[in-house]
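Peer 1: from the sequence below, what's the structure:
(2 chains)
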Amino acid sequence: AIQMTQSPSSLSASVGDRVTITCRASQGIRNDLGWYQQKPGKAPKLLIYAASSLQSGVPSRFSGSGSGTEFTLSISSLQPEDFATYYCLEGARTFGQGTKVEIK
Amino acid sequence: EVQLVESGGGLVQPGGSLRLSCVASGFTFSSYWMSWVRQAPGKGLEWVANIKQDGSEKYYVDSVKGRFTISRDNAKNSLYLQMDSLRGEDAAVYYCARRQMVMAATLVYYFDYWGQGTLVTVSS
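Peer 2: Model (predicted):
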């Protein structure tokens, strides 16, 4: 089974900062990777699919890149509403462990 | 507007059973694979099960094989998860999710819509 290793597990950042989160797959998955944002008590929200395609309605400060085994979610200028936990998802089957983005 | 509404969660004793339901609206339910995803308290997300559009294919995470059964009724736009022999580690919020598939250089899969979740508590 494919394993997804997400890092860091948490980070502290300030409004306006650029934030980068990484997911590594245990084997090549081409571009079959999505990114989700989850706030406490809420369902996850799709941000990025196919590694780099922005879901409709998601702000353009979110971007995804990578293919094969290394993938990155970037937030260009962190906004107050972006403080949340982020998960990668391979093939609608395997989630990363999550990255909690907290206020510095 | 796509909506997924789960129900059926609650408190159950270890070894007991529970049946979760998810009613879909706003899209052609019979055209999509559907899934259950769970999240234990304070933990990450875990895919639980998938079912094909016509119910002919079903897949499960190893930890629930033989205990959980996913099913659907396309006439009622409904997805189900029958959970038997429940254990403490099955306690979680269970989400119903629509699985999307698109061609983007290769076929890719992801969950594009989620329900609000239903809480399952396993305790004596």
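Peer 1: could you use CA atoms for every contact and neighbour count after this?
Peer 2: Noted.
Peer 1: ok, A:L78 to A:Q3 distance?
Peer 2: Distance, A:L78 to A:Q3, using CA to CA, to the nearest Å: 28 Å.
Peer 1: neighbour count for these two, which is higher?
Peer 2: Set A:L78 next to A:Q3 and count neighbours by other CA atoms under 10 Å in any protein chain shown: A:L78 wins out with 20 against 15.
Peer 1: for that one, which three-state class applies?
Peer 2: What DSSP: H, G, I helix; E, B strand; the rest coil gives for A:L78 is coil.
Peer 1: that one touches A:R18, doesn't it?
Peer 2: Yes. Here A:L78 lies in contact with A:R18, judged by CA atoms under 8 Å, at a distance of 6.2 Å.
Peer 1: B:Q100 and B:R87: what is the separation?
Peer 2: As judged by CA to CA, B:Q100 and B:R87 stand 30 Å apart.
Peer 1: just A:A50 next, same as before
Peer 2: Here A:A50 is placed at a distance of 35 Å from B:R87 (CA to CA).
Peer 1: around chain A, pick out the residues from chain B.
Peer 2: B:44-47, B:95, B:99, B:104-117 (CA under 8 Å from any CA of the partner chain).
Peer 1: can you do 7 Å?
Peer 2: By CA under 7 Å from any CA of the partner chain, the residues of chain B that approach chain A are B:44-47, B:104, B:108-112, B:114-117.
Peer 1: of those, the lowest pLDDT goes to which?
Peer 2: The lowest pLDDT within the residues of chain B next to chain A belongs to B:A104, with 82.
Peer 1: centre of the chain to stretch B:99-109, how far?
Peer 2: Chain-centre distance of stretch B:99-109: 20 Å, with CA atoms, centre = their mean, to the nearest Å.
Peer 1: how long is it end to end?
Peer 2: Terminal residues of stretch B:99-109 are spaced 7 Å apart (CA to CA).
Peer 1: contact partners of it?
Peer 2: Contact with stretch B:99-109 is made by A:D32, A:A50, A:G91, A:A92, B:Y32, B:W33, B:M34, B:S35, B:Y110, B:F111, B:D112, as judged by CA atoms under 7 Å, 6 or more residues apart in numbering or on different chains.
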